[in-house]
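1. Quick one: sequence and predicted model below, then my questions.
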Amino acid sequence: MTAYRAVQGVKDILPEQSALWEHFEKIIKTTCGLFGYQRIETPIFEETGVYARGVGEGTDIVEKEMYTFKDRGDTSLTLEPEGTAGVVRAYIEHGMQMKPQPVKLFYVRTPIFRYERPQKGRLREHHQFGCEAIGESDPMLDAELISVIWSVYTRMGLTNLSIQLNSIGDKACKPGYMQKLIEYYTPLQDDLCADCKVRFTKNPLRLLDCKEERDQPKIAHAPKIAEYLCADCEEHFALLKQYLEEMHIPYTLNPLLVRGLDYYTRTVFELISEDIGGRQNAIGGGGRYDGLIELLGGKPTPAIGFGSGMERAIALLEQQKGTEIAEKQPEVYIIALNAMAKRKAAEFANTLREKDIKTLLGFGSRSLKAFMKAANASGAQWAVIIGEEEAQTNTVALRNLRAGADDDHKQVSLSVEEGLQTILRSVQQ
Ligand code: HAM
């Protein structure tokens with residue numbers, strides 16, 4: 001029988017990588033906490049409407065990428081294709097508008113599902129951490145939120161990162177700009193790539209995001225949103241830039257940055273790694289979504305957030321920092337050479353673990369030589385050997401696996417209690 005393999009576009013997170021994931025998560029939680037963000041966990045699926053309406057019918061995500069299915073009660077459900085709409089649904093459902101605003105929430109290692117063409121950096125299941133700050137329009141909040149993602153990655157020690165920034169206007173000025181864009185593209189329609197022909201009718205803003213070579217000159221000459229911002233949006237954007245400068249967060253203006261989800265208004269941004277080539281170089285992205293809460297049934301409420309792809313960040317960390325972040329090595333490996341010794345070994349292992357000493361037990365019946373090989377391979381500092389004599393006299397042979405070959409004190413025979421104290425002392429040093 002052929003063995004099963006994981007389905008296309010998904011990845012196992014293997015034990016060798018788990019120390020890095022844990023380290024990453026710890027930094028995320030600490031950093032979000034420092035900024036006053038609280039953790040939220042929403043279900044892995046929602047009623048399809050939450051995303052169809054929230055993310056936008058004309059977007060790639062809703063049109064081509066959602067994992068949508070009917071459950072046994074005939075309700076249409078969708079596996080989370082992004083984190084924001086579910087958080088907004090929860091904000092409305094749990095009356096969070098009654099709390100002091102803004103409500104600042106974060107999520108971490110949230111599985112996200114998108115039926116994308118599998119390629120490097122693009123998975124069908126990936127994990128995001130993200131922040132959503134709901135209930136405030138002050139551009140200082142935008143700057144603070146950008147500062148969260150920037151701080152997480154600088155604390156992780158990642159380098160060669162940059163922030164791309166743009167403002168795409170609000171409901172007062174965005175429609176006027178879209179009209180200009182449509183007017184500009186109308187005579188060029190026949191010459192557009194197949195995808196852009198669809199974008200032209202469904203989502204003209206996305207025309208600016210086309211990566212086809214032939215469409216680049218058209219994009220270069222297209223009207224730019226910055227010239228069409230209303231006075232309020234212009235002021236909001238100017239203040240945001242000032243705050244970012246005060247916070248020493250470097251950014252680059254990118255008038256073509258429009259993002260792939262429909263809910264954005266005003267601020268949009270992406271965190272780009274210069275160490276990743278190709279199109280999948282965004283480690284994170286986000287922006288304001290001042291109309292989304294109302295769209296999903298709440299009162300008009302301004303908000304901003306970002307999501308960051310954790311697999312992409314982990315790949316970068318592996319590339320930039322190698323195996324610097326490794327799992328804690330065991331301190332003790334216990335070898336028992338007969339049945340009675342095994343009982344003593346089980347008891348001693350328990351005592352050590354109660355004292356927070358990472359302890360491995362050698363299983364089965366093997367020769368001392370084979371057990372020693374395993375103890376050395378485990379990375380433990382101490383091998384505790386319990387043979388027939390030790391089991392009868394309540395002693396242990398303690399061998400320091402990190403001592404040099406010619407060290408006379410490499411192995412000592414001690415009472416169980418002395419053995420325990422010796423190990424405890426060495427660990428506390
Ligand atoms: P997004 O740009 O679609 O935004 O995704 C955020 C990040 O998730 C991307 O920058 C990338 O790092 C990662 N990502 C996206 N798709 C994949 C994939 N197929 N494989 C691996 N990584 C991927 C959002 O999802 C918005 N909800 C962000 C947001 C939050 N905006 C406001 N609040």
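-> Nice, I can see it.
2. What separation is there between Gln429 and the ligand?
-> For Gln429, the distance to the ligand equals 42 Å [CB to the nearest ligand atom, to the nearest Å]. The C-beta positions use only the backbone N, C-alpha and C, and glycine is treated the same way.
3. now do Pro81
-> From Pro81 to the ligand the distance is 8 Å (CB to the nearest ligand atom).
4. Assign a three-state SS to that residue, would you?
-> Recorded secondary structure, Pro81: coil (DSSP: H, G, I helix; E, B strand; the rest coil).
5. What is the neighbour count of it?
-> 23 (other CB atoms under 10 Å).
6. the helices in the stretch 251-400 of the chain, which residues?
-> Under the criterion DSSP state H, counting those that start in this stretch, the stretch 251-400 of the chain contains helices at 292-295, 310-321, 339-354, 368-378, 388-393.
7. Pick out the shakiest of the ones you listed, pLDDT-wise.
-> Comparing mean pLDDT over the helices of the stretch 251-400 of the chain, the weakest stretch is helix 310-321, at a mean of 90.
8. what about the helices in the stretch 51-200 of the chain?
-> Taking DSSP H, counting those that start in this stretch to define them, one finds helices in the stretch 51-200 of the chain at 60, 84-93, 139-155, 174-185, 194-202.
9. For Ile357, which of the ones you listed is the nearest?
-> helix 139-155 (29.5 Å; CB to CB).
10. Tell me which residues are up against that closest one.
-> 27-28, 30-32, 34-35, 37, 102, 129, 131, 133, 161, 163, 236-237, 239-240, 243-244, 246-247, 249, 251, 266-267, 269, 271, 283-284, 286, 288, 304-306, 308, 313 (CB atoms under 8 Å, 6 or more residues apart in numbering).
11. Now a ChimeraX select for only the buried ones of the residues you listed.
-> To isolate the buried ones among these in ChimeraX, judged by 16 or more other CB atoms under 10 Å, type:
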select :27,28,31,32,35,37,102,129,131,133,161,163,236,237,240,243,244,249,251,266,267,269,271,283,284,286,288,304,305,306,308,313
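12. Am I right that Glu417 is in a helix?
-> Yes. Assessed with three-state DSSP, Glu417 lies in a helix.
13. Those residues of the stretch 101-250 of the chain touching the ligand, which are they?
-> By the rule CB under 6 Å from any ligand atom, the part of the stretch 101-250 of the chain lying against the ligand is 114, 116, 121-123, 126, 128, 130, 132.
14. So among these, which ones count as buried?
-> Buried, going by 16+ other CB under 10 Å: 114, 121-123, 126, 128, 130, 132, out of these.
15. ok and the longest helix belonging to the chain relative to helix 139-155, angle-wise?
-> Using DSSP state H, we find that the single longest helix of the chain is helix 15-34. Inter-element angle recorded for helix 15-34 and helix 139-155: 150 degrees (by axes from the mean of the first three to the mean of the last three CA atoms, to 10 degrees).
16. buried stuff in helix 15-34?
-> Using 16+ other CB under 10 Å as the burial criterion, the residues of helix 15-34 that qualify are 17, 20-21, 23-24, 27-29, 31-32.
17. ok, it near the ligand or not?
-> No. Judged by CB under 6 Å from any ligand atom, helix 15-34 makes no contact with the ligand; its nearest approach is 13.4 Å.
18. by contact count, what packs against that helix?
-> Packing partners of helix 15-34 (3 or more CB pairs under 8 Å, 6 or more residues apart in numbering; DSSP states H and E): strand 103-113, strand 125-134, helix 139-155, helix 310-321.
19. taking those together, which one is wrapped up most tightly?
-> With neighbours taken as mean count of other CB atoms under 10 Å, the helices and strands packed on helix 15-34 reach their highest mean count in strand 125-134, at a mean of 24.
20. Provide the strand pairings for it, with the direction of each partner.
-> strand 103-113 (antiparallel), strand 303-309 (antiparallel) (DSSP bridges).
21. Report the inter-axis angle for that strand versus helix 84-93.
-> Using the same axes, to 10 degrees: strand 125-134 against helix 84-93 is 40 degrees.
22. What mean pLDDT does strand 125-134 get?
-> The average pLDDT for strand 125-134 rounds to 98.
23. Enumerate the beta-bridge partners assigned to the closest residue to Ile283 other than its chain neighbours.
-> Closest residue to Ile283 apart from its sequence neighbours, by CB to CB, 6 or more residues apart in numbering: Leu271 at 4.8 Å. Beta-bridge partners for Leu271, by DSSP bridges, are Ile163, Gly284.
24. Give me every residue in the stretch 301-429 of the chain lying close to the ligand.
-> Contact residues (CB under 6 Å from any ligand atom) of the stretch 301-429 of the chain with the ligand: 305-309, 311-312.
25. before we move on, back to that, with just CA atoms, put the longest helix of the chain into PDB.
-> Taking C-alpha atoms only, helix 15-34 is exported to PDB below (Å, rounded to 0.1, in the frame of the first residue of the first chain):
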ATOM      1  CA  PRO A  15      10.100  19.000  16.000                       C
ATOM      2  CA  GLU A  16      13.400  20.400  14.800                       C
ATOM      3  CA  GLN A  17      11.700  23.700  14.000                       C
ATOM      4  CA  SER A  18       9.600  23.900  17.200                       C
ATOM      5  CA  ALA A  19      12.100  25.700  19.300                       C
ATOM      6  CA  LEU A  20      12.200  28.500  16.700                       C
ATOM      7  CA  TRP A  21       8.400  28.700  16.500                       C
ATOM      8  CA  GLU A  22       8.200  28.800  20.300                       C
ATOM      9  CA  HIS A  23      10.800  31.600  20.500                       C
ATOM     10  CA  PHE A  24       9.000  33.600  17.800                       C
ATOM     11  CA  GLU A  25       5.700  33.200  19.600                       C
ATOM     12  CA  LYS A  26       7.200  34.300  22.900                       C
ATOM     13  CA  ILE A  27       8.600  37.500  21.300                       C
ATOM     14  CA  ILE A  28       5.200  38.200  19.700                       C
ATOM     15  CA  LYS A  29       3.300  37.800  23.000                       C
ATOM     16  CA  THR A  30       5.800  39.900  24.900                       C
ATOM     17  CA  THR A  31       5.800  42.700  22.400                       C
ATOM     18  CA  CYS A  32       2.100  42.800  21.900                       C
ATOM     19  CA  GLY A  33       1.700  42.800  25.700                       C
ATOM     20  CA  LEU A  34       4.100  45.800  26.000                       C
END
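26. Can you check what angle separates it from helix 310-321?
-> The directions of helix 15-34 and helix 310-321 differ by 100 degrees, with the same axes, to 10 degrees as the criterion.
27. Give the next helix or strand downstream of helix 15-34.
-> Next along the chain after helix 15-34, taking DSSP states H and E as the criterion, comes strand 38-39.
28. What is that following strand packed up against?
-> The contact analysis (3+ CB pairs under 8 Å, 6+ apart) places strand 38-39 against strand 103-113.
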